[in-house]
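Undergrad: just need the structure, nothing else, for what follows:
(one chain, ligands or ions: 1)
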Amino acid sequence: MSVPADTLAAMDVTAVSAPEPEPPGTGRIADLVAAYTPLSPLGKQQLRGNCPFCRSPMFRVRPRHNTFHCFSCGAGGDARMFAAKIGHQP
Ligand SMILES: [Zn+2]
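TA: Next comes the predicted model:
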């Protein structure tokens, strides 16, 4: 009346989660925005600066997400949208 312990050991699941591919343009947003307004670190994952559109200091950039957002004028998006909004045609 003994339960084979090997049965449980055989269920060792080696779930390999594939690393998410970096979205195209990762890291570009910071360089792109910095060309228009100075950015300074805010915490670990954000940069802050003056909004190049409305000059408000409520402008944030998240390099890891490749996004920007202004809490004042509501501008936001990814690097492509920033380039399009500011009129820079790559
Ligand atoms: Zn703004």
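
Undergrad: show me which residues of the chain sit near the ion.
TA: C51, F53, C54, S56, C70, S72, C73 (Cβ under 5 Å from the ion). C-beta coordinates here come from the backbone N, C-alpha and C atoms, glycine included.

Undergrad: one more time with 8 Å, if that's ok
TA: Counting by Cβ under 8 Å from the ion, the chain comes close to the ion at 51-56, 58-59, 70-75.

Undergrad: just among those, which is most surrounded?
TA: Top of the residues of the chain next to the ion by neighbour number is F59, holding 25 neighbours under the definition other Cβ atoms under 10 Å.

Undergrad: so what sits opposite that one in the bridge?
TA: Bridge pairing for F59 (DSSP bridges) gives the partners G49, C70.

Undergrad: surely it is in contact with C70?
TA: Yes: F59 is in contact with C70 according to Cβ atoms under 8 Å; the separation is 4.8 Å.

Undergrad: I'd like the next helix or strand past the helix or strand bottoming out on mean pLDDT in the chain.
TA: Lowest mean confidence among the helices and strands of the chain (mean pLDDT, DSSP states H and E): helix 6-9, at a mean of 60. Using DSSP states H and E, the helix or strand that directly follows helix 6-9 along the chain is helix 28-34.

Undergrad: who's in contact with that next one?
TA: Contact with helix 28-34 is made by 39, 47, 49, 52, 61-63, 66-68, 78-79, 82-83, 88, as judged by Cβ atoms under 8 Å, 6 or more residues apart in numbering.

Undergrad: fine by me, thanks again.
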